[in-house]
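> Sequence and predicted structure below; questions after.
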Amino acid sequence: MNIRHARIEDFEALVQLMKQFATTLEDGLKGRFQAVLEHPDHVVLMAEVTGEVVGYATAQGYGKRLRSGEESMRLNDLLVSSQHRQHGIGRALLETIKLWCNARGARYLEWQSSSGGVGFYEKLGLKPQAPQLEYPFFEIDFQDILELP
């Protein structure tokens, strides 16, 4: 398995992954993908197995929280193809996102999960902050983590 930063050449593989999970893809996706790749406050990671893209994750800087002034990040997507799940790929993508956040001085990483993804995060020891929501909210406080892998 290889986790790496996305390149514009990954667009078609990204679309194929997205089609596994979304019924429609919005117009202008390629332009947004290019813009995100070029934006310094965003990251797109690709997971490869034997040269095939099998997963991706995206995150972005949210900026400083008003009251505390602490940096907050948002995980936007974390997807692994159905046939490549249960092999540590999702965990590796999330750990790499956490390292990216840590390198940027983030205090928090937050996201909302689909109901189908909650079990994955719970297996990693993460608990939803608002489990009753249709898309439960998760947050990692990096101050609570003694050691990042």
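It's in.
> And the residue of the chain most remote from its centre, how close does it get to Lys98?
Farthest-out residue of the chain from its mean C-alpha position, per CA atoms, centre = their mean: Arg67, at 25.7 Å. Separation of Arg67 from Lys98 (CB to CB, to the nearest Å): 24 Å. C-beta here means a position set from N, CA and C on the backbone, and glycine is covered the same way.
> what's the answer for Glu52, then?
Relative to Lys98, Glu52 is positioned 24 Å away (CB to CB).
> More neighbours: these two, which one.
The neighbour comparison of Glu52 against Lys98 (other CB atoms under 10 Å) goes to Lys98, with 20 against 10.
> thinking the more buried one is in contact with Leu124, fair?
No: counting by CB atoms under 8 Å, Lys98 stays clear of Leu124, with 10.6 Å between them.
> quick one: the biggest strand by length in the chain to chain centroid distance?
For the chain, the strand with the greatest residue count under DSSP state E is strand 52-64. Centre-to-centre, strand 52-64 and its host chain are 4 Å apart (CA atoms, centre = their mean, to the nearest Å).
> Stretch 100-112 too?
In terms of CA atoms, centre = their mean, the centre of stretch 100-112 is found 11 Å from the chain centre.
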